[in-house]
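**Student:** need a structure here:
(chains A and B)
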Amino acid sequence: MGLPDGMSTRARYFRNRLNTGATFRTGLRRAGLAGAALALAALSALVAPLAAQAITDSRADELRHLVRQDCGSCHGLRLTGGLGAPITAEALEGRDPDDLALLILDGMPGTAMPGWRPLLEENEARWIAEYLLKGDQP
Amino acid sequence: MILRALAAALLLAMALPSGAEELRGTGDLGLVVEREAGSLLVVDRSERAALGRIEGLGDLSHASLVYAPDERFAYVFGRDGGLTKVDILTRSVVKRVVQGGNSIGGAISDDGRLVAVSNYEPGGVKVFDAETLDLVADIPMNSKTVGIADVPGRRFAVATWDTGEVWLLDFSAGDTDPAITRLEGIGANPYDALLTGDGRTYIVGLFGEKGLTAIDLWKDPPEVTHFLPDYGKDQPDLPVYKMPHLQGWTLADGVFALPAVGLHQLLWVDAGNLHEIGRTDLLGQPVFAVARPDKREIWVNFAPPDNGSVQVVDALTHEVTDTLTPGKGVLHMEFAPRGTEVWLSVRDENRIEIRDAHTREVLGEIPAQAPSGIFFTDRAHRTGL
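**Tutor:** You can find the predicted model right below:
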C-alpha cells in the first residue's frame, strides 16, 4: 500500500511540518500562512527526524490507550481489523515506520481512515508506528 | 403426608433456575459490555447497582447484543466472531460459537427464533437457531455487512459496505433458504443503518458519498429514495475519529434527528418527504443521537477528542439546551424504558454514571471495567434494535 495521493514522502513531510502543534480548528485557519512558513518548515524538517522528541512515560501511556481504544474503534481492540484493516505487527510487517507515521497523520483519502494530525504530534505518530510494528501490545 | 411435602419441595427446587436463588423478574435488568475484560456486567435499574458478571466472552470491542423475548437470555456479538448466548439470571454463558472471523452486530427475528449475525470477515450474514445456536442459513454477500435489523414478518435487512447494496432476507417460509430481495445502487460505503420502530423505513448512512438512503419496506418492491444529497457539500469534511451509530436515530413528532458524518451537526429531516428542515451545531462529531423515550430531547455523545461531553438538544426548538461533562470517554447512553433516567458509560473512568433524564442530576454510579454498550432488557420488545 503506497501513499494515498502520490505525493512524495519528502514533499508530504515538509507540508506536514507546517501544522505541527496547531489544533485542528486553528490549523484550518492557519492554512493561509502555509507559504510564509514553508522555508522555515523545510529547514526544520531537514534537521529533525519524526521521532526527534522523546515521548514521556505518561504520554506513552496515553498513546497506548489511544491505540487500543480509538484506533480500536475501527481496527479492533486487539488490532485484528474491523471496518479498518488489521494493524497487528504481522499485518504491518515490512512497512516503513515513517510512512506509517505519515499515514496516521494524514489519513487515507477515499477511505474511512482519518488524519490524526489535529490530535497527534509527529513524534507521537512515529512512536505509534514503531509501537505497532513492535507488536507487543497487550 | 411428609413424603408428599418433601416431593413438593423437591419439585419446587427443581423448577427454580439453578443459581437464581430467589424468583425475580428481569424487566429492570440490563447488561453492560466491559470490552477490555471480555465480560458483561449484569445491572439492576431499580437498585442502581451491579448484580454480578458474566465472563469469558472473548474480544468485545464493538460488541452489541440482543435479548430473547423472555428477557432472560441475551445473544452477544463479539469482534472475534463469537456469538455467545448468556443467561442473565444465572449469570452464565449458556453456549458460545465462533461463527466468523470478525463480526459487527446482529439481530433477532420478531418471533425470537432466529439470530442473524453480520460479519466483516468473511462478510455476509449467518443465521442461527436461537435455542441451540445451530447454523441454519449462511448467506455470503461478497462484502462486509453493516446495520443488520429485524424487519417484521420474520425478515432481516442488512447493508453491504463494499458493494453498496441492501439485502432483505425473508424467513417467513422456514428456517432455511430465505427468500432474498437484493437492492442495488444504495450508495457508496454504507457504514450503518437503522430501522424505524414501526418497521417501515430502513435508513442507510453512507460514508462514501453525501446523503443517505431510505427504503420504504411497506412498498412492494421496496422503494429506494436518496435524500439529503447535498448536506455538507459546501463545507470541508472534518475528520471522523469514530463512526456514528444510527441506532437511536429518532423519529420525534414526524421528524428524524440524524448525526451528520464529517460535520459537527445534527440534521433534522421531515420523515414524510425526507427534506431537510434544519440543523443544530454541535461541539464535535456526533456518534449516538438518542431520543429520550418521550422524544422531547435528543441526547448526543461524540467521537474523540470530544468524547468527554454530552449535549442535550430540544426536539421542538432544535437548540442545544445543555452540555454535560460526565467524564472521559462517554461511549454510550441508555435510557430507562420510560425515560426517567439515563445511564452513561464513562469508559476511561471505569464507571457507569446514572443521571435523572429531566433534571440531569447525577443519581448514582456503578464501577465497571472500561464500559461501552449499555443494554436494558426492554430492548427485547422493540423492533429494529
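
**Student:** can you tell me which residue of the stretch 151-300 of chain B sits closest to chain A?
**Tutor:** residue B:239 (3.5 Å; C-beta to the nearest C-beta). All C-beta atoms are positioned from the backbone trio N, CA, C, and that covers glycine.

**Student:** the residue nearest to that residue when sequence neighbours are not counted: neighbour count?
**Tutor:** For residue B:239, ignoring the flanking residues on the chain, the nearest one in space by C-beta to C-beta, 6 or more residues apart in numbering or on different chains is residue A:114 at 3.5 Å. Neighbour count of residue A:114, defined by other C-beta atoms under 10 Å in any protein chain shown: 22.

**Student:** sec struct for residue A:114, please.
**Tutor:** coil (DSSP: H, G, I helix; E, B strand; the rest coil).

**Student:** what distance do you get for it to residue B:243?
**Tutor:** 10 Å (C-beta to C-beta, to the nearest Å).

**Student:** please apply the same query to residue B:127.
**Tutor:** From residue B:127 to residue B:243 the distance is 25 Å (C-beta to C-beta).

**Student:** more neighbours: the two, which one.
**Tutor:** Counted by other C-beta under 10 Å, residue B:127 and residue B:243 do not tie: residue B:127 has more neighbours, with 24 against 21.

**Student:** list phi and psi for that one.
**Tutor:** When read as degrees, to the nearest 10, the backbone of residue B:127 gives phi -120, psi 140.

**Student:** tell me where chain A has helices.
**Tutor:** A:9-18, A:24-30, A:34-47, A:57-66, A:72-75, A:89-92, A:97-106, A:122-134 (DSSP state H).

**Student:** one step back: what's the residue nearest to residue B:239 in contact with, if anything?
**Tutor:** Residues in contact with residue A:114 (C-beta atoms under 8 Å, 6 or more residues apart in numbering or on different chains) are A:107, B:239, B:240, B:241.

**Student:** tell me the one among those residues nearest to residue B:56.
**Tutor:** residue B:241 (30.7 Å; C-beta to C-beta).

**Student:** what ranges does the stretch 101-250 of chain B have for its strands?
**Tutor:** B:102-108, B:114-121, B:125-129, B:135-139, B:145-151, B:155-160, B:165-170, B:179-183, B:190-195, B:201-206, B:212-216, B:223-227, B:250-252 (DSSP state E, counting those that start in this stretch).

**Student:** would you turn the ones you listed into CSV with distance to chain A?
**Tutor:** Listed next are these as CSV, based on distance: least, C-beta to the nearest C-beta, whole Å:
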stretch, distance to chain A
strand B:102-108, 6
strand B:114-121, 6
strand B:125-129, 17
strand B:135-139, 20
strand B:145-151, 8
strand B:155-160, 13
strand B:165-170, 17
strand B:179-183, 22
strand B:190-195, 7
strand B:201-206, 12
strand B:212-216, 16
strand B:223-227, 20
strand B:250-252, 23
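
**Student:** the closest residue to chain A within the stretch 51-200 of chain B: how many residues sit nearby?
**Tutor:** As assessed by C-beta to the nearest C-beta, chain A sits closest to residue B:61 within the stretch 51-200 of chain B, at 3.4 Å. As a burial measure, residue B:61 scores 25 neighbours (other C-beta under 10 Å).

**Student:** what does residue A:92 give?
**Tutor:** 17.

**Student:** what about the strands in the stretch 251-385 of chain B?
**Tutor:** Secondary structure of the stretch 251-385 of chain B (DSSP E, counting those that start in this stretch): strands located at B:255-259, B:265-270, B:276-281, B:286-291, B:297-302, B:310-314, B:320-324, B:330-335, B:341-346, B:351-356, B:362-367, B:371-376.

**Student:** as JSON lines, the strands of the stretch 101-250 of chain B with mean pLDDT would be great.
**Tutor:** Output for the strands of the stretch 101-250 of chain B, formatted as JSON lines (pLDDT from 0 to 100):
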{"stretch": "strand B:102-108", "mean pLDDT": "87"}
{"stretch": "strand B:114-121", "mean pLDDT": "92"}
{"stretch": "strand B:125-129", "mean pLDDT": "96"}
{"stretch": "strand B:135-139", "mean pLDDT": "96"}
{"stretch": "strand B:145-151", "mean pLDDT": "95"}
{"stretch": "strand B:155-160", "mean pLDDT": "97"}
{"stretch": "strand B:165-170", "mean pLDDT": "98"}
{"stretch": "strand B:179-183", "mean pLDDT": "97"}
{"stretch": "strand B:190-195", "mean pLDDT": "92"}
{"stretch": "strand B:201-206", "mean pLDDT": "93"}
{"stretch": "strand B:212-216", "mean pLDDT": "95"}
{"stretch": "strand B:223-227", "mean pLDDT": "96"}
{"stretch": "strand B:250-252", "mean pLDDT": "68"}
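
**Student:** got CSV for these, with distance to residue B:93 too?
**Tutor:** CSV is the format used below for the strands of the stretch 101-250 of chain B (distance: least, C-beta to C-beta, whole Å):
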stretch, distance to residue B:93
strand B:102-108, 16
strand B:114-121, 15
strand B:125-129, 15
strand B:135-139, 19
strand B:145-151, 23
strand B:155-160, 25
strand B:165-170, 27
strand B:179-183, 32
strand B:190-195, 28
strand B:201-206, 32
strand B:212-216, 36
strand B:223-227, 41
strand B:250-252, 34
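
**Student:** nearest to residue A:57, of the ones you listed?
**Tutor:** Nearest to residue A:57, of these and by C-beta to C-beta, is strand B:102-108 at 33.2 Å.

**Student:** which phi and psi does residue A:111 have?
**Tutor:** phi -130, psi -180.

**Student:** ok, and the most crowded of the contacts of residue A:114?
**Tutor:** Going by other C-beta under 10 Å, residue B:241 tops the contacts of residue A:114 with 24 neighbours.

**Student:** that one contacts residue B:284, correct?
**Tutor:** No: counting by C-beta atoms under 8 Å, residue B:241 stays clear of residue B:284, with 9.1 Å between them.

**Student:** now do the shared contacts for the two.
**Tutor:** B:303, B:305.

**Student:** now could you export just the CA positions of stretch B:145-162 as CSV?
**Tutor:** Only the C-alpha atoms of stretch B:145-162 are listed here, as CSV (Å, rounded to 0.1, in the frame of the first residue of the first chain):
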residue,chain,number,x,y,z
THR,B,145,-22.1,-6.2,6.1
VAL,B,146,-23.4,-3.4,8.4
GLY,B,147,-26.6,-2.2,10.0
ILE,B,148,-28.5,-5.5,10.3
ALA,B,149,-32.0,-5.1,11.6
ASP,B,150,-35.0,-7.3,12.4
VAL,B,151,-37.9,-6.5,10.0
PRO,B,152,-41.4,-7.5,10.9
GLY,B,153,-42.5,-10.8,9.2
ARG,B,154,-39.5,-12.8,10.2
ARG,B,155,-37.2,-10.8,8.0
PHE,B,156,-33.8,-9.2,8.3
ALA,B,157,-32.4,-6.2,6.4
VAL,B,158,-28.7,-5.6,6.1
ALA,B,159,-26.4,-3.2,4.0
THR,B,160,-23.2,-4.1,2.3
TRP,B,161,-20.2,-1.8,2.9
ASP,B,162,-18.2,-2.8,-0.2
